[in-house]
Structure formats: C-alpha cells, structure tokens
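Peer 1: What follows is a predicted protein model with its sequence.
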Amino acid sequence: MQKRMFAPFVIMMLILAACGQGGESGEASEQASEGGSASVEPSGPPPGEDIDAALFGTDYTAEAGTPGGTVVISDWQAAEQLNPYYSSGFKNTQVFASTLLGLFTVSNDGKWAADLAETVPTIASGGVVLDDEVGVAECPLDADAYAAYPEELTPGFTVNLDIKPDLLWSDGEPLDLNDLAFTKDWVLDPEQVGLVSGVTGWDLIDTFDVADDGLTATVHFCRGFAGFYGLLASNILPEHYMSEIPVAEASETSYPVGPSTVDAPTSGPFQYASLAPDTIELARNDNYNSCVGEGCTPHTAYLDRVIYRFYADKDAMIAGFLAGEIDVATDLLQGDFAAIEAAPEGFEATIDPAWEYEHFDMNFLGEGPGRGHPALTDTAVRQAIAQSIDKTALYETVYPGVPLPEQEPCSPVAPGLYYGTTEGLTCVEYDPDAANAALDDAGWVDSNGDGTRDKDGVELVLLHCHTGAPFRQNAGDVLASQLAEVGVGLTNTAEPTIFDGWTDVDPDQTCNLARGTYDTSEFAWVQSFDIFGSFYYTYHSSQIPTEENQGAGANYVRLNSPEMDEVLDTLFGTTDPQAVFELAAQIQQIHTEQQVEVVLYYRSGVRGLNSSLGNFARNPVTYSDMWNIADWFLTE
C-alpha cells in the first residue's frame, strides 16, 4: 500500500528546524484549572459567520512594473530537488514557486487567490456542489487502500474548475486542465518511488472530466474531503514531458538540480537557464501569460532574470547581504534581525509575523527513557512540565532585545490564520509551585534526595533532542534549567539526523523524530492555509509512523487520543469550509487541554531587501515569498 501523504501546496506544517498524544481531556481540564492557568478572550472569526470573507477575495493588486533587470535571491541551504512531489523543503520550494504553479495560491493577505485558474470555485458561487446523499459514486480504490481513512462516509461533492485560456508551457506546448488530470494519475501510479507528498485526496476522485478545449473540468470526489482546496492547488506537471519519463525513475530524472533540467518545461513566469549546486539561474518565460487574482491582467514577468544563490551557511549569506550582493535574503528569523538591521544604503531589513510557531514536544510512545518516557503518557505530568516553562524568560534569553510577539503562545495556530482561535482555550501559565504539587500527586518524587524525581525505580530524566542550531541549543539550556527547578532532568542533545526519514536511519538511531527515539524535542511548524493539512497528518493516530505502515505519517509525538481522532475523522469528511472552521476550534481546545505540544512562541520572518524592489509582498506562508514573482520589478 502506498504511503498516505499530503498535497504539495498544503504541505500542512513544514518542518523548519525541528517537529504530538493524548490523555484524558477531562483530566487535563481539571489539572489546568487547578494549576495556574488563565482563560483568554475569543479571537478570530466567530463560528456562524460567513467564512467566505476570510477565505476568498484578496485585496492584492500589483503596480504596473518596468521591464528588465536581474534579482538575486539567496538562502543558506541549497536546493537539491525541483519536482515538488519529491520535496517539501523550503530550500527547494522557493525555486519551484517561480517555475511550477497550480490553479490557486495564497495571497499576502491570507486568501485563496486564482493563479493559473480563472476563478476560485466556492459553494456560494456554485463552483462547489455537495451531493445530496452518501454513495452517489464508489471510491475508485479497493477497501484496503483506505485503511487510514475514517470509516464513516459523508456525501461527496463536485468541483467545477477552470483555467486561463491560451496558457503555454515554457517549451510552447499547450497548458490546460488535461495536465492536472495527468498529474493526478501520475501521483497515483503504483510505480511511484519517493513521493513525499501528493496522495491523500487524489484517490478520492472518481471522475475527472476535462472539456474538449481543456479549459474547464468537472471533478467529483466520492466522499467528503476537507482538504480539497489545498489538493487542487497542487503544482501542475506537464503531461508531454513527464509521460516520457518512467515513473519509477522520476524522482531522479524529472527535475534534478543539474544541466538536464534546462530543458524541463515550466509553467511559471521563469524557466531554467542554468543549474549548479550553488546557483540556479532563471530566465523570463516568454510563454507565461497569467497573473494572481481574479480580473487581473495577464502579463509576462517584468524581470529579465532571477538568480538563486546558495551560501555555505547563514553567516556567509548575511555577509553577502551586507555587502550589497543580494536583493532578497530569505530564510531568516527574528533572532537574525539584529545582524542585518544595519543594511547598506539602498537596502532594508524587515520583520513581519509568519505562520509559524516554535514548540516543545513530548513523545507519548511510552516505551522507556529515550523512546517516549513513560511519565509523558500522563496528562498531569505534561501539564506540570508546561507549567514549569517560563516562556517569556526563554524568549528573552534566546532573542535578547527582540520584542515579544504580541499574542500569548497558546493555540497551535499562528496569529493571522483565519482559523486561529482562543475560544474555549485555557492557556497554561508559568507556575512552578503548581507544577511541583502536580508531580507529587502523580507519584514522581525525589526519593533519592539527588534533586531529580523518580517513580518505581525510573528517574524523570528526559532525552531532549534538536538539530544543534545555536538558538535551539540555547533554548535547550534554558529549558533544562527551568525543569530542574521542579525536579525534572533534561539532557540537551544535538543530533543532525533528527529529521531524517524512516528509511534513512537505523531503528535505534538516537534522536530521530520519525523513529520516535527521543523524549522531548523543540522545533517549528510552518502552517498551511488549509485546516485539514495543518491538523490531520500531525495529530491523527493513523499518521503515527510504524513498521506496519513503513514510517508513513507525521504524527511524530505519537498522539493516540480518541477525542482528537473523533474530531479529525469528522474534519476529514467535512467539505463545507464553514463547518471545517468550527471543527478547527475543537481541535485547538483538545490540543491545549491535553498539552499535545507546549507552544513556546510565535515566530516572525526576517528578510533583507533591495529597497528598489517593487511589488515584493511578504507572504506569511514562509515557503512562498515568490508567490507573485511575476509582478516584481526594479524601480531604479
């Protein structure tokens, strides 16, 4: 059976420098109310409000630009895969955001916007039509293929798609909805090897009927599916090119970072001119004839060329920006702002909220110290650990002089996302006295008098894993000091293979998230605009990597919560965005009650920019700053 993964656009929560299970929700609520917590006022769109205003109708408009010029974009990590179905890494997504597009994108003001599509279909417009009953069509795959899907069926639905007329691939071949239909079949091909994204949802489509002119299509889903917008926004692949490449070889040969990709077709405003490990050069795609948003005027890119330059490390990239070598310095966070704040004349440093949050994870596996400490399966212990963390002190130590984010870290949804809410949430506050009392009540006491709690001969010492990035090493030291105050040991450990995949490491590799060989970890999620993508793969028990599913799934904290599964199963089969939004509030409530992750702080994105760059519109989705690169131009 193929791995269940997510659509490339939704890439739910991309792991940046790091990556949840349940106890009894009632117990968690009681513990929170007894141990230093504070209720917060609701935020975000209230349930019952027409959600269309939050989802559609971007206010983005571009200024007409002056043709010509070259822009240099930099990162301190090098791209190594340019087929979006084989990589979701930020270092790669920046490049193919300029070259391989989808029907929809997310605008800088956080709305679904038409990209290659003419319009974004909605229920209100009649573009999305729900079936009257369950079982109008049978799902196309056999029952075994749906082992990870909820058993309860909900009514399917039809999506009416359109695409802008007269679109061409960079090699001059027609680009239409037949290419998207091909992409679906290609993803589902049983010969696929190495997919990191793209299966879930495509296999729920029983008919994909494209009109003779290729400009419209009727797509029917055999059951309800909350993630259909993210799915249908996936990058479109060129049928005429990909059909000539054996599917089993495509991960190596379709869009590698190498000379052969110069001839690979692109749909975006730029095409490949040259590719090397440290530099990818793009030239204007003169066949591009699109624009972002409904009613906009299609045009080719204003810039002549774009150069992606990859530096050996972050310090080298920052030095390049300060020397005036770079027009857009990417992949920087709030802790880097001071280093680029004194930008040279004609350049500027910016800092803006991003759809990212840093979190402290506790492995629910319970197989023993270093493989999910047994103590972490107890909701009371997780609550106590959360109460022992002084988030303000941690932030101020890791980011001295950087203002605290305005919003209190509580919900697992970064500020600005339409489905973020504090309704019904009880945020755990720093209260070491309450933490000590809760740990005593749970039976973890210092019986040896050595300052560390123990129970039944097992010490409460946690293997804490991270990549070794300086700010995480610093945070690990702060966490160790704070937890020591309540008798919990934390072994701060750096391991570069922490994010390696299931098949890339031995089963006993220390500090690997996929294998579950850790007790706690700190990392960040970049969140998707798609609710389904942001929650289902991360928290549903079917997404726990195991030997049986060959490591599929991103539920790295091994959350196995009936309460969470029930809501996520309902979410899976819910198509109406308004109902999906209301389910998101329940998910956030369960997350907070069970302390699936301790939300440490919300992150900001830092960019170094050429002040002459017009129409640059920082996108809160970190991997898509280039979402409107066709509109970029140089003012001087």
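Peer 2: That came through fine.

Peer 1: Quick check: which ranges of the stretch 351-500 of the chain have low pLDDT?
Peer 2: Within the stretch 351-500 of the chain, no range satisfies pLDDT under 70.

Peer 1: contacting residues for N108?
Peer 2: By CB atoms under 8 Å, 6 or more residues apart in numbering, the contact set of N108 is Y60, A617, R618, N619, P620, W627, N628. All C-beta spots, glycine's among them, are computed from the backbone N, C-alpha and C.

Peer 1: Make a markdown table out of these and add distance to A343.
Peer 2: Converted to a markdown table, those look like this (distance: CB to CB, whole Å):
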| residue | distance to A343 |
| --- | --- |
| Y60 | 26 |
| A617 | 19 |
| R618 | 16 |
| N619 | 21 |
| P620 | 22 |
| W627 | 23 |
| N628 | 23 |
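
Peer 1: Quick check on these: which are buried?
Peer 2: Buried subset of the contacts of N108 (neighbour count, 16 or more other CB atoms under 10 Å): Y60, R618, N619, P620, W627, N628.

Peer 1: and the fifth one, that's in a helix?
Peer 2: No: with DSSP: H, G, I helix; E, B strand; the rest coil as the criterion, W627 is assigned coil and is not in a helix.

Peer 1: Next one: it relative to W112, how far apart?
Peer 2: Going from W627 to W112 by CB to CB, to the nearest Å gives 12 Å.

Peer 1: Name the residues contacting each of the two.
Peer 2: T105, V106.

Peer 1: thinking again about what came up before, mind picking the one among the buried ones among the contacts of N108 that's closest to V71?
Peer 2: Among the buried ones among the contacts of N108, N628 lies closest to V71 (CB to CB), at 12.9 Å.

Peer 1: Would you agree that closest one is in contact with G614?
Peer 2: No: contact criterion CB atoms under 8 Å: N628 and G614 do not qualify, at 11.0 Å.

Peer 1: still on that earlier bit, out of the contacts of N108, which is nearest to N363?
Peer 2: P620 (29.4 Å).

Peer 1: Which residue, neighbours along the chain excluded, lies closest to that closest one?
Peer 2: Leaving aside its chain neighbours, P620 sits nearest to W355 (4.5 Å; criterion: CB to CB, 6 or more residues apart in numbering).

Peer 1: In which helix or strand does the one you found reside?
Peer 2: In the assignment (DSSP states H and E), W355 maps to strand 347-362.

Peer 1: Buried residues in that strand, which are they?
Peer 2: 347, 349-351, 353-362.

Peer 1: Let me know the secondary structure of the nearest residue to S125 once chain neighbours are set aside.
Peer 2: Leaving aside its chain neighbours, S125 sits nearest to T119 (7.5 Å; criterion: CB to CB, 6+ apart). For T119, the assignment made with three-state DSSP gives coil.

Peer 1: quick one, what contacts T119?
Peer 2: With CB under 8 Å, 6+ apart, T119 has these contacts: S125, G127, D162, E294.

Peer 1: For it, give me the pLDDT.
Peer 2: Predicted confidence (pLDDT) at T119: the value is 96.

Peer 1: Over to it: give its phi and psi.
Peer 2: phi -140, psi 160 (degrees, to the nearest 10).

Peer 1: Now do the helices in the stretch 451-600 of the chain.
Peer 2: Listed in chain order, the helices found in the stretch 451-600 of the chain under DSSP state H, counting those that start in this stretch are 470-484, 531-539, 562-572, 577-594.

Peer 1: buried set for the last one?
Peer 2: I take that to be helix 577-594. Buried residues in helix 577-594 (16+ other CB under 10 Å): 577-578, 580-594.
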